[in-house]
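Asker: compute the structure for the input listed below.
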Amino acid sequence: MRITSICLLILIGCISCYHNPVERNTIVLKDDVLSVEKAMSQMTDLMAILPERRDANKNYIVKANDSIFVNEEPVGTIKRLESNDVISVFSERQKRDFVRLAAYLKRNHMASCYLEFGTKRYLFPYRKLEDYGYNDFRDLMLVTENRDENPATILFQVLDRRSNIVLLAPADAEIR
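Answerer: Alright, predicted model coming up:
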């Protein structure tokens, strides 16, 4: 009975850690912060060029198999973009930059980017989990203004900051 109870407690502990690993509450990147910050800034500039979807959103995601979707439409892979209306706004150089930056950011735990409605800022989901709940959302954002002028501080809580990169969670999320 005692061994069963101990095993059950260990199992519950492992499952709860799986849903939101503690490293998701701090910024830990594979490359130096200033290089990642520069890549995020360049990707934000490219995202601004993309057309909005009908719902006024913009986004991209690099899937586990390295396929890329922009505004929910498949546009190719990290190795090769295909012709697609949504990325036709990019020059050839911008297309190459987009793929290079998407691969670089994915290596640094940011496999996507989206335009957040409330702040009109581009957010990069950080260490995204396959199975997550409201309390598990984590996004990275570039900031250039001070905290009081930043609209994200109303909708989100800042969990960590490295240079001009901040790690955000929903304002009322229970941080585990």
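Asker: where's the spatially most central residue of the chain relative to Lys95, distance?
Answerer: Nearest to the mean C-alpha position of the chain, by Cα atoms, centre = their mean, lies Pro125 at 1.9 Å. Look at Pro125 and Lys95: by Cβ to Cβ, to the nearest Å, they are 23 Å apart. Heads up, the C-betas are built off the backbone N, CA and C, glycines and all.
Asker: over to Thr77?
Answerer: Thr77 is 13 Å from Lys95, where distance means Cβ to Cβ.
Asker: also Leu123?
Answerer: Distance from Leu123 to Lys95, by Cβ to Cβ: 23 Å.
Asker: who has more neighbours out of the two?
Answerer: A count of neighbours by other Cβ atoms under 10 Å puts Leu123 above the other of Leu123 and Lys95, at 23 against 17.
Asker: and that one, what does it touch?
Answerer: Contact partners of Leu123, counting by Cβ atoms under 8 Å, 6 or more residues apart in numbering, are Cys113, Tyr114, Leu115, Glu116, Asp139, Leu140, Met141, Leu168.
Asker: turn those residues into CSV, columns for pLDDT and neighbour count.
Answerer: Below are those laid out as CSV (pLDDT from 0 to 100; neighbours: other Cβ atoms under 10 Å):
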residue, pLDDT, neighbour count
Cys113, 97, 25
Tyr114, 95, 18
Leu115, 93, 19
Glu116, 87, 17
Asp139, 93, 23
Leu140, 95, 26
Met141, 94, 22
Leu168, 93, 26
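Asker: alright, that wraps it up for me.
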